[in-house]
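J.: test case, fold it:
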Amino acid sequence: NIMVRENETNKNFTKEGLVYDEEGFVKLADIAYRLLGGRDTEYISRLVDKLDSEYEFLGEDLNFKNVFDKNGTGTGSYHDYMLHKDDIEEFVKRVKDYYGEV
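T.: All right, here's what the predicted structure looks like:
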């Protein structure tokens with residue numbers, strides 16, 4: 001993965017060891033895997049893209065990138081969803097609260 005190699009050179013890592021890009025964004029898949037107990041990215045993505053009304057929206061006031069929405073913006077793939085490193089802690093808290101985890 002080119003992004004990881006470039007970032008390893010630049011030492012762009014969060015305190016949790018997650019790699020972020022030049023703008024400070026981390027892949028949602030990495031957050032789901034490393035900080036949310038290996039939860040499936042597809043289900044975590046539904047909490048931020050409003051594409052499935054069964055899921056509560058947990059992305060209020062958080063900085064996401066590449067999120068596909070009903071307006072057709074974003075890449076269309078939840079694999080590309082990213083969250084800014086400064087918002088990771090708050091997002092993880094919201095998701096754990098949503099699922100009733102401590």
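J.: can you give me the helices for the chain?
T.: Secondary structure of the chain by DSSP state H: the helices cover 2-10, 28-35, 41-49, 88-98.
J.: of these, flag the one that's most buried.
T.: helix 28-35 (a mean of 20; mean count of other CB atoms under 10 Å). The C-beta positions use only the backbone N, C-alpha and C, and glycine is treated the same way.
J.: ok, the closest residue to residue 37 other than its chain neighbours to residue 39 distance?
T.: Take residue 37 and drop its neighbours on the chain: the residue closest to it by CB to CB, 6 or more residues apart in numbering is residue 101, 7.7 Å away. Going from residue 101 to residue 39 by CB to CB, to the nearest Å gives 10 Å.
J.: who's more crowded, the two?
T.: Neighbour count, other CB atoms under 10 Å: between residue 101 and residue 39, residue 39 has more, with 16 against 11.
J.: my read is that the more buried one contacts residue 31, right?
T.: No: between residue 39 and residue 31 there is no contact under CB atoms under 8 Å: 9.3 Å.
J.: tell me the pLDDT of residue 16.
T.: We have a pLDDT of 83 for residue 16.
J.: give me the neighbour count for it.
T.: Other residues close to residue 16 by other CB under 10 Å number 14.
J.: that one reaches residue 36, doesn't it?
T.: No: here residue 16 does not reach residue 36: they are 11.3 Å apart, not a contact under CB under 8 Å.
J.: what's the neighbour count on residue 65?
T.: Residue 65: 18 neighbours (other CB under 10 Å).
J.: ok, and the closest non-adjacent residue to it?
T.: residue 82 (4.3 Å).
J.: can you get me a residue count around that neighbour?
T.: 21.
J.: got it, and residue 57?
T.: Neighbours of residue 57 (other CB under 10 Å): 11.
J.: next one: residue 81
T.: If we define neighbours as other CB under 10 Å, then residue 81 has 25 of them.
J.: any idea what sits nearest it, other than its immediate chain neighbours?
T.: Using CB to CB, 6+ apart, the closest residue to residue 81 is residue 28 (4.0 Å).
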